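Q: based on what follows, work out the 3D shape:
(one chain, ligands or ions: 1)
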Amino acid sequence: MKDKRTAIVTGASRGIGAAIATRLAADGFSVIINHSASADDAEALVVAIQAAGGRAYAVRADITSADDTRMLFEKAEAMFGGVDVLVNNAGILRANPISEVFNEDFHYQVSVNLNGAFYCMREGARRICDGGRIISLSTALIGLDLPARGVYVATKSAVESLTRVLAKELGPRGITVNAVAPGPIGTQRFCDKWPAETIKHIVEGIPMGRLGEPQDVASVVSFLTGSDGGWVNGQVIKCNGGSN
Ligand SMILES: NC(=O)c1ccc[n+]([C@@H]2O[C@H](COP(=O)([O-])OP(=O)(O)OC[C@H]3O[C@@H](n4cnc5c(N)ncnc54)[C@H](OP(=O)(O)O)[C@@H]3O)[C@@H](O)[C@H]2O)c1
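A: Sure thing, here's the model as predicted:
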């Protein structure tokens, strides 16, 4: 018997996923911290959430594997009695002009961002309790058509399409399906990846004059998972400081 609602956050060992998991735990969810390789980071987050009075459990599952994804849900159900919320957060970006994209990089991005998101959405559609929520991370880059982002944006556009269709399929069960599309978020990875000059240029293009924080995205997810977000369905919510 469940005494709390349960959320699975994929790719929650760091960055935006870790902030979402922390926020949902503070909101009262029991949280599954998914990761594929960063076990130490995931366990450290579990300890931090527990120290703050929350409930969390780390589960290694590579979302590019349908079997792993099924096991992720099975473990969540065994641990907490059912799943109410899926946050499809795990994703990767390999920036290259289309003419220079290696087959391996193309397939890897499709595999994590699209196949992985699809496996999680399908498993969520089969298992999430009536009245639940599915939220996927997209990107505010869609529509900007920036060079070197083609494959990444193509995968996230596909996720937005799946989101709109699944919202119609699951609406009758009271399950909402939405996407959150962040602009540039100053995660550790983001700041390590780009030179200071590039980050300065990016910030100049943001009307609010700063990079987003992972907590900015977590706040939107918190709204969508709460009762105030219950009539928002099939939407892509940009969270980008007004940059486009
Ligand atoms: N940062 C931004 O500016 C930004 C902007 C717009 C959208 N987004 C989107 O927001 C999401 C989170 O981005 P982020 O910047 O926080 O990323 P990040 O810091 O690189 O973290 C990615 C997370 O995904 C996990 N992951 C990667 N491959 C996985 C797999 N196959 N199975 C399970 N987990 C996997 C990683 O854990 P392991 O190391 O254990 O694999 C890690 O926890 C992504 O979908 C990204 O596209 C980010």
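
Q: contacts for stretch 41-59, please.
A: Residues outside stretch 41-59 that contact it (C-beta atoms under 8 Å, 6 or more residues apart in numbering): 4, 12-14, 18, 21-22, 25-26, 29-35, 39, 60, 72, 75-76, 79-80. For every residue, glycine as well, the C-beta is placed using N, CA and C.

Q: whichever helix or strand Val59 is part of and the ligand, any residue contact?
A: Per DSSP states H and E: Val59 is located in strand 55-60. No: Strand 55-60 does not reach the ligand (C-beta under 6 Å from any ligand atom); its nearest approach is 7.6 Å.

Q: the helix or strand following that strand to strand 55-60, inter-axis angle?
A: Counting by DSSP H and E, the next helix or strand C-terminal to strand 55-60 is helix 66-80. Orientation note: helix 66-80 sits at an angle of 160 degrees relative to strand 55-60 (axes from the mean of the first three to the mean of the last three C-alpha atoms, to 10 degrees).

Q: mind listing residues that contact whichever helix or strand comes after helix 66-80?
A: Per DSSP H and E, the first helix or strand lying C-terminal to helix 66-80 is strand 85-88. For strand 85-88, contacts defined as C-beta under 8 Å, 6+ apart pick out 5-10, 17, 20, 24, 29, 116-117, 120-121, 123-124, 128, 132-137, 159, 221, 225.

Q: could you rerun that using 6 Å?
A: With contact meaning C-beta atoms under 6 Å, 6 or more residues apart in numbering, strand 85-88 is reached by 7-10, 20, 117, 120, 124, 132-136, 225.

Q: next: stretch 110-120.
A: Contacts for stretch 110-120 (C-beta under 6 Å, 6+ apart): Ile63, Thr64, Ala66, Thr69, Asn88, Gly91, Ile92, Ser136, Thr155, Ala158, Val159.
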